[in-house]
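Colleague: My questions concern the predicted model and sequence given below.
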Amino acid sequence: MKQSYRAGVKLASLLASVSVLGAGMLVAQPAAWAEDAKPAAETAKAKDGAADFFTKPQSVTSTGSVTVHGAHIDYQAVSGTLIVHPKGWDDAVLPDEDKDKKTPAAASIFYVAYFKKGVRPENRPITFIYNGGPGSSTVWLHMGAFGPKKVVTADDAHTPAAPYAIVNNNDSLLDVSDLVFIDAPGTGYGRLTGTDKEKTFFGTDADARAFTDFIAQFLSRYGRYNSPKYLFGESYGTTRSAIVANQLADDKGIDLNGVILLSQILNYDNDIDAAQMNPSVDQPYVLALPSYAATAWYHKRIPNQPSDLKGFLQEVEHFALTDYTAALQDGNSITPEKRDAIAQKLHDYTGLPVDYIKKADLRVNGGEFEKTLLGDKGVDTGRLDSRFSGPTMDQLSQYPFYDPQSSAMSSAYIAAFNDYARNTLHYGNSSVVGDGYQEYKFFSDAITKWDFSHAQPNTDFPIHGAVNVLPDLASAMKHNTSLKVMLNQGYYDLGTPYFEGIYEMRHLPISHDLSKNIQIVQYESGHMVYAHQDSLAQLHDNVAKFITSTYAPLSGK
């Protein structure tokens, strides 16, 4: 679901040393509750040709309604692009000193914003939502989690081919917040232009700066500076959120009410996908073990399988932090007796053969586990959601060649959004571009060109190694001591194991008092928690409660 499966993950691991849009200037809506928006066909007319289409802001306005838990909500939808530059300019007019130079890099960033009608911004939260990758669009959270429409997919099985049902989303977050779904630079209907465009935007810090500038620009254009503000990032989007939250506070003077993380990875030293590339760092194996156990429990591969998942996982978590950690710290000095005992215990918790565990030196990485758990049946388990499984491509390979969960539902999301964007939002059909139909890019090739170096807060230079943005989130929480953080995790996520997220939150460099601002919730689902309907309903309720509890409405509004 987030780039090609193992190849992308491996490459990201190598680069990180350890691991895992009418044309012309946008006319700002006077307010989110505006009722007199121009017809979509008029606002989408081309004025300056194809070149301007990707170098000047665009917008198309439409209207719709959604029913959320019995409440009818009328909304205005604005689909469009804003332009960001590495120097922070907020439009396409170049400063005088740069007019004679080569065209500088710029990114048109595509977004879809939903504004509830009839509400003043002071009392209406706004949430900026994005997926990760890096290099992924935000179609997944848009059409699967919180947008007003969602695509129907099968749970833990392959969704049959088209046609796909696009239905009212009873769990849209529009009941509590306006929503802005943002596609990363180079994805969606946005494009990169200018000199060194990919080098300028494909990197941890460059990407975060683009999102920070986009959000500040959006708040200005739509008059939302005085609204309660939230970030919602998934996967690599959580990495991005930590940096953006700090940059908004430190560089822009914008305090957030909350940061909502889904399937967190903030320290790539903890990545299980390529842990074998980082000998002497055993923490990834420790933190992945509970997710291995949950997966084995789901597929009924555990000897004397317990009936209670949560109680079982508490036992596994304790073992992981005690006996297992001690054994791994022994390294190659571990005694044969201790090695045998730990291997047996790992078998009891994961269902993997004892001999296999011993051959792996008690250290099984993510791909090996996904390949081996159901390997005797010729089946691979999913990485992003290990409830899913699919026939193995190669019985003799060490790792799977694809992710069964991604293959099971990607086509549904891609087809559904293309239909929705063109026929409901009326975006993507501008006559100024080619034959009049733009391609929506669900992924870019950013992962193959990504600069994973990162300059942490209060440092003068970037660190070229494993990305660690714990200091960024900590800095944001120290700048704004009322900032609340919510972490949502799936038990069956092998891409960003849930215990890894817990460990990272426990090791944020903040005070005990500030740690009380963090809320952690688990779900019986995977990386895309919302792919499981019951978990989506729980996710909606938990996030809605988090939002409504983290701001105080002004009276008389």
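Modeller: Looks like it came in fine. What you see is a predicted model; the values in this text were computed from it and never measured.

Colleague: any idea which helix or strand carries residue 232?
Modeller: strand 229-234 (DSSP states H and E).

Colleague: How far does that strand sit from its chain's centre?
Modeller: When distances are taken as C-alpha atoms, centre = their mean, to the nearest Å, strand 229-234 is centred 9 Å away from the chain's centroid.

Colleague: following it, which helix or strand comes up?
Modeller: The helix or strand immediately downstream of strand 229-234 is helix 236-252, counting by DSSP H and E.

Colleague: any idea which helix or strand comes after the lengthiest strand in the chain?
Modeller: Longest strand in the chain, counting residues (DSSP state E): strand 71-84. Reading on from strand 71-84 to the C-terminus, the next helix or strand found by DSSP H and E is strand 106-116.

Colleague: List the strands paired with the helix or strand following that next one, with their directions.
Modeller: Stepping forward along the backbone from strand 106-116, the first helix or strand reached (DSSP H and E) is strand 126-130. Listed by DSSP bridges, the sheet partners of strand 126-130 and their directions read strand 178-182 (parallel), strand 229-234 (parallel).

Colleague: Can you add mean neighbour count and give these back as TSV?
Modeller: In this view, the C-beta of every residue, glycine as well, is placed from N, C-alpha and C. Shown next, in TSV, are these (neighbours: other C-beta atoms under 10 Å):
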stretch	mean neighbour count
strand 178-182	26
strand 229-234	27
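
Colleague: neighbouring contacts of stretch 520-527?
Modeller: Residues from elsewhere that reach stretch 520-527 (C-beta atoms under 8 Å, 6 or more residues apart in numbering): 1, 234-235, 263, 309, 382-388, 405, 486-496, 498, 501-502, 505, 529, 531-532, 534-535, 538-539, 542.

Colleague: Enumerate every residue touching the most centrally placed residue in the chain.
Modeller: In the chain, the centroid-proximal residue (C-alpha atoms, centre = their mean) is residue 234; its distance is 2.1 Å. Residue 234 is in contact with 130, 131, 132, 140, 141, 262, 263, 527, 528, counting by C-beta under 8 Å, 6+ apart.

Colleague: for residue 160, same thing?
Modeller: residue 154.

Colleague: For the residue nearest to the residue nearest to the centre of the chain when sequence neighbours are not counted, give me the pLDDT.
Modeller: Excluding its sequence neighbours, the residue lying closest to residue 234 (C-beta to C-beta, 6 or more residues apart in numbering) is residue 262, at 4.2 Å. You'll see residue 262 listed with a pLDDT of 98.

Colleague: Neighbours of residue 262, how many?
Modeller: Residues contacting residue 262 under the criterion other C-beta atoms under 10 Å number 31.

Colleague: gap between it and residue 197?
Modeller: Relative to residue 197, residue 262 is positioned 29 Å away (C-beta to C-beta, to the nearest Å).

Colleague: Residue 408 reaches residue 155, doesn't it?
Modeller: No: between residue 408 and residue 155 there is no contact under C-beta atoms under 8 Å: 9.7 Å.

Colleague: higher neighbour count, those two?
Modeller: residue 408 (24 against 16).

Colleague: can you list the domains in this structure?
Modeller: Domain assignment for the chain by automatic domain parsing gives 5-269+414-548, 271-405.

Colleague: Can you tell me which of those is nearest to residue 555?
Modeller: Closest approach to residue 555 among the domains of the chain (C-beta to C-beta): domain 5-269+414-548, 9.4 Å.

Colleague: hang on, the earlier thing: helices - which of the contacts of stretch 520-527 land there?
Modeller: Members of the contacts of stretch 520-527 lying in helices (criterion: DSSP state H): 309, 405, 498, 501, 502, 505, 534, 535, 538, 539, 542.

Colleague: who are the neighbours in contact with the fourth one?
Modeller: Counting by C-beta under 8 Å, 6+ apart, residue 501 makes contact with 261, 263, 264, 265, 487, 489, 520.

Colleague: How much space separates residue 405 from residue 63?
Modeller: Computed with C-beta to C-beta, the distance linking residue 405 and residue 63 is 35 Å.

Colleague: more neighbours, the two?
Modeller: Between residue 405 and residue 63, counting by other C-beta under 10 Å, residue 405 is the more crowded of the two (30 against 12).

Colleague: and the more buried one, what is it in contact with?
Modeller: 1, 382, 383, 384, 385, 386, 387, 388, 526, 527, 528, 531.

Colleague: want to throw the ones in helices among the contacts of stretch 520-527 into JSON lines with pLDDT and distance to residue 302?
Modeller: Formatted as JSON lines, the ones in helices among the contacts of stretch 520-527 follow (pLDDT from 0 to 100; distance: C-beta to C-beta, whole Å):
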{"residue": "309", "pLDDT": "98", "distance to residue 302": "11"}
{"residue": "405", "pLDDT": "89", "distance to residue 302": "21"}
{"residue": "498", "pLDDT": "98", "distance to residue 302": "18"}
{"residue": "501", "pLDDT": "98", "distance to residue 302": "23"}
{"residue": "502", "pLDDT": "98", "distance to residue 302": "22"}
{"residue": "505", "pLDDT": "98", "distance to residue 302": "28"}
{"residue": "534", "pLDDT": "97", "distance to residue 302": "23"}
{"residue": "535", "pLDDT": "98", "distance to residue 302": "22"}
{"residue": "538", "pLDDT": "98", "distance to residue 302": "25"}
{"residue": "539", "pLDDT": "99", "distance to residue 302": "27"}
{"residue": "542", "pLDDT": "99", "distance to residue 302": "29"}
